[in-house]
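Enquirer: coordinates only, sequence not included:
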């Protein structure tokens, strides 16, 4: 009798150990510094994650499933990038996603009709931590298996690189002190050996050998939030900032050698306290759009002058957190504010309103590879 009881107790302990181990394996970590607070990856829905629309933003569904019973709906999204094919065309079946405190994920689905199954990218060597915060992903346009990540993990900002599609990683840059971050990384479209990064210390650094060594181009007074390079003309670069200069934008005509601050002057009675996103015209490098705390602004002369779009967004729903221009029809503009998507089909003269089923802001909008009617939205608190 006593031996039977011991066997039963032992079996129960083993079962509990398996359950706890599985929970820890599926759990991640949340926080901008790759900290220690955990996030459960245990639901297909949630208040963050990824949503997709296949009807130009009219309706949205979550694309957050990891398995039959678990998903990424509770994870904040920092970046989403489609992986191009080796012949130069974009892939319709794979996207990389950088998360807040939960590492890197890959999707094998690029269509709105199929189930978007996400797989966590696991580095067996531990160079890419499972709880890394990945702020930006940059892909070599000539070698899609070569990927650069701007990450924070173990309280340090780093740049990681893979040359084999995520099978192995190497650290190619580390911030000189703890609590310093690397928030942006980009690869030159024309000269892929050139890599650019921006740091929380205001450093704009470049490498001319794919990250083997680095040099400083400029020091700015505030953290660099994001670098934008025009896909049709790599000479045109723009920087956005954090902190006291979050309403500032800098432009370079010569691949980051010389920078000039651009003045975006809002109408009387309005004040721009932050710039949150930038979108390019697909073919004209002089035309770009800004999503700001005061609305959407457009320039047709590379930032010399700006005009405000007459939005229908109530002031209490600002700021504009994401903006995108249809690559197939540049009169179609998409703007995200709060939990709503505003769509214009006439260059910003009039707007339609569509609800995005999430309580948190949409931080980025990406067009699908099959059709510009397909939109991907990344959500983060």
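Expert: Received it, and whenever you're ready, just let me know what you need. Being a predicted model, the structure only gives us computed values, none of them experimental.
Enquirer: any idea where the helices of the chain begin and end?
Expert: 2-26 (DSSP state H).
Enquirer: Give the closest residue to residue 325 in space, chain neighbours not counted.
Expert: The spatially closest residue to residue 325, leaving aside those adjacent along the chain, is residue 279, at 5.0 Å (C-beta to C-beta, 6 or more residues apart in numbering). All C-beta atoms are positioned from the backbone trio N, CA, C, and that covers glycine.
Enquirer: give the contact list for the one you found.
Expert: Residues touching residue 279, when contacts are defined by C-beta atoms under 8 Å, 6 or more residues apart in numbering, comprise 288-289, 291, 323-325.
Enquirer: With residue 380 instead?
Expert: With C-beta under 8 Å, 6+ apart as the criterion, the residues that contact residue 380 are 48, 76-78, 100, 360-361, 363.
Enquirer: try 7 Å
Expert: By C-beta atoms under 7 Å, 6 or more residues apart in numbering, residue 380 lies in contact with 48, 76-78, 100, 360, 363.
Enquirer: And the contacts of residue 279, which is closest to residue 170?
Expert: Nearest to residue 170 among the contacts of residue 279 is residue 324, at 32.7 Å by C-beta to C-beta.
Enquirer: In terms of pLDDT, where does that closest one sit?
Expert: What the model reports for residue 324 is a pLDDT of 96.
Enquirer: Spatially nearest residue to it (excluding sequence neighbours)?
Expert: That would be residue 365: by C-beta to C-beta, 6+ apart, it lies 4.0 Å from residue 324.
Enquirer: isn't that neighbour right up against residue 377?
Expert: Yes. Between residue 365 and residue 377 there is a contact at 5.8 Å, judged by C-beta atoms under 7 Å.
Enquirer: who has more neighbours, these two?
Expert: Counted by other C-beta atoms under 10 Å, residue 365 and residue 377 do not tie: residue 377 has more neighbours, with 28 against 24.
Enquirer: Tell me what that one is bridged to.
Expert: Residue 377 has these beta-bridge partners by DSSP bridges: residue 51, residue 365.
Enquirer: Tell me how many other residues crowd residue 213.
Expert: 10.
Enquirer: ok, now how distant is it from residue 72?
Expert: The spacing between residue 213 and residue 72, counted by C-beta to C-beta, to the nearest Å, is 36 Å.
Enquirer: Now do the contacts for the residue nearest to residue 347 when sequence neighbours are not counted.
Expert: Taking C-beta to C-beta, 6+ apart, and ignoring the residues beside it in sequence, residue 347 has residue 331 as its nearest neighbour in space, at 4.6 Å. Taking C-beta under 7 Å, 6+ apart as the definition of contact, the neighbours of residue 331 are 345-347.
Enquirer: Please read off the pLDDT at residue 331 from the model.
Expert: At residue 331, the predicted lDDT confidence score is 92.
Enquirer: State the distance from it to residue 234.
Expert: When C-beta to C-beta is applied, the distance between residue 331 and residue 234 equals 26 Å.
Enquirer: One more: residue 299?
Expert: Using C-beta to C-beta, residue 299 is found at 19 Å from residue 234.
Enquirer: what's the answer for residue 204, then?
Expert: Here residue 204 is placed at a distance of 15 Å from residue 234 (C-beta to C-beta).
Enquirer: of the two, who's got more company?
Expert: Summary of the neighbour comparison: residue 204 and residue 234, criterion other C-beta under 10 Å, with residue 204 having more neighbours (22 against 18).
Enquirer: In the sheet, which residues pair with the residue nearest to the spatial centre of the chain? Tell me.
Expert: When C-alpha atoms, centre = their mean is applied to the chain, the residue found nearest the centroid is residue 79 (1.7 Å). The residues paired with residue 79 through beta bridges, assigned by DSSP bridges, are residue 98.
Enquirer: wait, it sits on residue 98?
Expert: Yes. Under the criterion of C-beta under 7 Å, residue 79 lies in contact with residue 98, with a separation of 4.1 Å.
Enquirer: Spit out the residues that contact the two alike.
Expert: The contact lists of residue 79 and residue 98 share 134-137, where a contact means C-beta under 7 Å, 6+ apart.
Enquirer: out of these, which is most surrounded?
Expert: Neighbour counts for the shared contacts of residue 79 and residue 98 peak at residue 134, which has 27 neighbours (criterion: other C-beta under 10 Å).
Enquirer: next one: stretch 215-224 to chain centre, how far?
Expert: Computed by C-alpha atoms, centre = their mean, to the nearest Å, the separation of stretch 215-224 from the middle of its chain amounts to 21 Å.
Enquirer: I would like the residues contacting it, please.
Expert: Around stretch 215-224, the neighbours that count as contacts under C-beta under 7 Å, 6+ apart are 183-184, 198-200, 202-206, 239, 241-245, 256-257, 259.
Enquirer: Please apply the same query to stretch 179-187.
Expert: In this structure, residues lying in contact with stretch 179-187 by C-beta under 7 Å, 6+ apart are 135-136, 138-141, 148, 150, 152, 155, 157-159, 173, 175, 195-201, 223-227, 229.
Enquirer: Run the chain-centre distance for that stretch.
Expert: With C-alpha atoms, centre = their mean as the basis, the distance from the averaged C-alpha position of stretch 179-187 to the chain average is 12 Å.
Enquirer: and that stretch, which residues are buried?
Expert: Of the residues in stretch 179-187, those with enough neighbours to count as buried (16 or more other C-beta atoms under 10 Å) are 180-187.
Enquirer: Find me the pLDDT at the residue nearest to residue 328 when sequence neighbours are not counted, would you?
Expert: Here the nearest residue to residue 328 in space, its sequence neighbours aside, is residue 372; by C-beta to C-beta, 6+ apart that works out to 4.4 Å. On pLDDT, residue 372 comes in at 85.
Enquirer: Okay then, goodbye and thanks.
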